[in-house]
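> The sequence and its predicted three-dimensional model are supplied below.
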Amino acid sequence: MIEVTFLGVGAALPGPGATNSSYLVRAAGATLLIDCGPAVLQQLAAVGLSPGEVTHVFVTHRHGDHALGYPMFLLWWALNGAGLPRPTVVASAATWTSLRALWEVSYRELPSAPVQAVELPADALATHALTPAIALRTWPMVHSTFAPVLGVRVEVEGKVLAFTGDTTPCPSIVELARGADLLVHDAQHAATVEPAAPEGSPYHCTARQAGENAAAARARTLALVHVGAEYDGRHPALVEEARQAFGGHVFAPAAGQTFAL
């Protein structure tokens, strides 16, 4: 079985009681953490998981809501990880610049826990064999010139999971998500729910655009995440908006929810 647990689903400034978007993929003996925001230790604890059980980390980009928890994650390993296999951390070269700097400005006096660092290009397609059973494929998204985003496609046991990370509409989304069993898509905005932003923004998508991309990619299931705090309590309306463009299963997961494939 493949399980995706939504550790957090909020935007950069999440609503009351919410946390930033982060996901956990458990499959083929691996536990992959996607994004490492400020509350990552609490997010893992909330689903009964220790950082020591995470075997791999993928960071989509270096904006704080996706990366500020990295020094805390690494601190746990520095203080408690003796004798445990070190996690592999995958990110673009640009993101790695900030991940290393975050450790230096946070806990420079401590020896950092060694991790297996994998650097991928920020501006080109890439493939990385996470394990013999799990392949990662990455596509550049369109979000920020300072913080280039890699969308990631996880291929395991004949299943495909696609995570856009933060992105405005771009052709790479459909390629990333083609035939995906689960597409986890940025839906910061809404096109029809107030405050409506019919065209999205230069940084993020609407729920309708997420539905359009899921339909174009022929994905099976669409999860709307990174939802703006201004839509708190109105997630069903965003799901309905996406359904106007996509006939597959659509849901807006809650933090702690697990989706099994």
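Happy to help now that I have it.
> wouldn't A126 be in contact with G151 here?
No - using C-beta atoms under 8 Å, A126 makes no contact with G151, being 11.2 Å away. (Each C-beta comes from the backbone N, C-alpha and C, glycine too.)
> neighbour-wise, which of the two wins?
Shown here are A126 and G151; by other C-beta atoms under 10 Å, G151 has more neighbours (26 against 19).
> what about the more buried one, is that helix, strand or coil?
Assigned by DSSP: H, G, I helix; E, B strand; the rest coil, the conformation of G151 is strand.
> still on that earlier bit, anything in contact with each of A126 and G151?
Common contacts of A126 and G151, defined by C-beta atoms under 8 Å, 6 or more residues apart in numbering, comprise T138.
> Strands along the protein, start to end?
3-8, 22-27, 30-34, 56-58, 88-92, 116-120, 126-131, 134-140, 150-156, 159-163, 182-186, 221-225, 249-251, 258-260 (DSSP state E).
> The first one versus strand 22-27: what angle between them?
Read it as strand 3-8. 170 degrees (axes from the mean of the first three to the mean of the last three C-alpha atoms, to 10 degrees).
> neighbouring strands for strand 3-8, and are they parallel or not?
Using DSSP bridges, the strands paired with strand 3-8 are strand 22-27 (antiparallel), strand 258-260 (antiparallel).
> Give me whichever of the ones you listed is most buried.
Stretch with highest mean neighbour count among these: strand 22-27 (a mean of 22; mean count of other C-beta atoms under 10 Å).
> Need the contact partners of that one.
Under C-beta under 8 Å, 6+ apart, the answer for strand 22-27 is 1-8, 31-37, 40, 43-44, 47, 49, 54, 66, 133-134, 154, 156-157, 159, 161, 163, 184.
> That one - what's its average pLDDT?
For strand 22-27, mean pLDDT is 98.
> before we move on, what about stretch 227-240?
Rounded mean pLDDT across stretch 227-240 is 96.
> How far does that stretch stretch from one end to the other?
14 Å (C-alpha to C-alpha, to the nearest Å).
> buried stuff in that stretch?
Buried residues in stretch 227-240, counted by 16 or more other C-beta atoms under 10 Å: 227-228, 231, 235, 238-239.
> Go through these and name the one nearest A191.
L238 (9.4 Å; C-beta to C-beta).
> Relative to G37, how far out is the closest residue to that closest one other than its chain neighbours?
What sits nearest to L238 in space, not counting adjacent residues and going by C-beta to C-beta, 6 or more residues apart in numbering, is A207, at 4.0 Å. According to C-beta to C-beta, to the nearest Å, A207 and G37 sit 21 Å apart.
> Those two: which is more packed in?
Just comparing A207 and G37: by other C-beta under 10 Å the higher neighbour count belongs to A207, 34 against 24.
> tell me the contacts of that one?
187, 189-191, 193, 224, 238-239, 241-242.
> let's see it at 6 Å
Contacts for A207 (C-beta atoms under 6 Å, 6 or more residues apart in numbering) come out as 187, 190, 224, 238, 241-242.
> Just name the closest of the residues you listed to H61, please.
A187 (17.2 Å).
> gap between the closest one and A30?
Taking C-beta to C-beta as the measure, A187 falls 27 Å from A30.
> V4: what's it in contact with?
The contact partners of V4, by C-beta under 6 Å, 6+ apart, come to 25, 259.
> Please name the bridge partners of it.
Under the criterion used (DSSP bridges), V4 bridges to V25, F259.
> any chance of the strands of the chain in CSV, plus distance to W103?
Supplementary listing: those in CSV, determined by distance: least, C-beta to C-beta, whole Å:
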stretch, distance to W103
strand 3-8, 21
strand 22-27, 19
strand 30-34, 17
strand 56-58, 13
strand 88-92, 11
strand 116-120, 12
strand 126-131, 22
strand 134-140, 23
strand 150-156, 20
strand 159-163, 24
strand 182-186, 27
strand 221-225, 27
strand 249-251, 36
strand 258-260, 30
